[in-house]
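In: The following block contains a protein sequence and its predicted model.
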Amino acid sequence: MSFLEPAQAFDTELEVKKSRFIGCLRYTPNRDAFNHELAALKQRFPDARHICFGYRFGGGSSVASQGCSDDGEPSGSAGKPIVNVIQHNDVGNVSMFVVRYFGGIKLGVGGLVRAYGATASELMANGTWQQHIEQKRMTFHFDFANESVFRNKLTELDAQLVDIDYGTQVTATVDANAEFEAWILEHSTQYSITPD
């Protein structure tokens with residue numbers, strides 16, 4: 001299973017009734033990365049009225065954690081519309097922060113929901129995304145004669161060789177993606193490849 005994740009940091013800005021909404025897209029695969037990015041934004045925007053966010057660590061079939069914060073805005077008016085964009089687009093390893101500078105005109109809860117959601121949608125539409133391929137570690141045994149076929153398929157299907165041992169047979173430990181695993185299942189008899 002694969003999912004999209006941010007390829008690089010991206011910022012955007014919207015103005016709604018004189019309030020500035022600065023959206024910041026960041027790659028955050030875990031809580032430490034998230035905390036680092038939030039601290040950096042608090043330092044970069046020390047006088048901001050609010051820094052609201054939505055995040056998801058992991059993605060696809062292995063979401064480790066997700067959540068959001070309204071950071072003092074009315075409950076459900078900021079963090080929830082941001083995390084809804086993340087969930088709707090099924091992206092992972094991501095944090096979307098929205099920094100708000102109040103412009104003097106109250107937007108109301110509906111206006112806040114629309115503004116925070118629009119800023120997150122702008123990040124989604126204009127940020128740069130890359131495919132994250134989920135892999136699992138697997139060990140295989142095969143004859144020496146089939147090593148070149150095995151290695152060629154590793155390269156062709158973007159699986160990663162972690163370790164290889166030459167005993168009576170070749171024993172290879174691989175970080176395998178779903179494509180490589182499917183190829184092994186289909187060709188295990190033909191090439192005498194046995195998974196652990």
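Out: All right, it came through fine.

In: which residue sits farthest out from the middle of the chain?
Out: Most distant residue from the mean C-alpha position of the chain: T168, 41.3 Å away (C-alpha atoms, centre = their mean).

In: and that one, that's in a strand?
Out: No - secondary structure of T168, determined by DSSP: H, G, I helix; E, B strand; the rest coil: coil, with no strand assignment.

In: So for it, what's the pLDDT?
Out: With respect to pLDDT, T168 scores 93.

In: any idea how far it lies from K42?
Out: 59 Å (C-beta to C-beta, to the nearest Å). Any C-beta I mention is one placed from the backbone N, CA and C, and that applies to glycine too.

In: chain center to the longest helix anywhere in the chain, what's the gap?
Out: Longest helix in the chain, counting residues (DSSP state H): helix 108-126. Relative to its parent chain, helix 108-126 has a centroid offset of 20 Å by C-alpha atoms, centre = their mean, to the nearest Å.

In: Tell me the first helix or strand C-terminal of it.
Out: Moving toward the C-terminus from helix 108-126, the next helix or strand (DSSP states H and E) is strand 129-133.

In: which helices and strands sit right next to that next one?
Out: strand 2-6 (3 or more C-beta pairs under 8 Å, 6 or more residues apart in numbering; DSSP states H and E).
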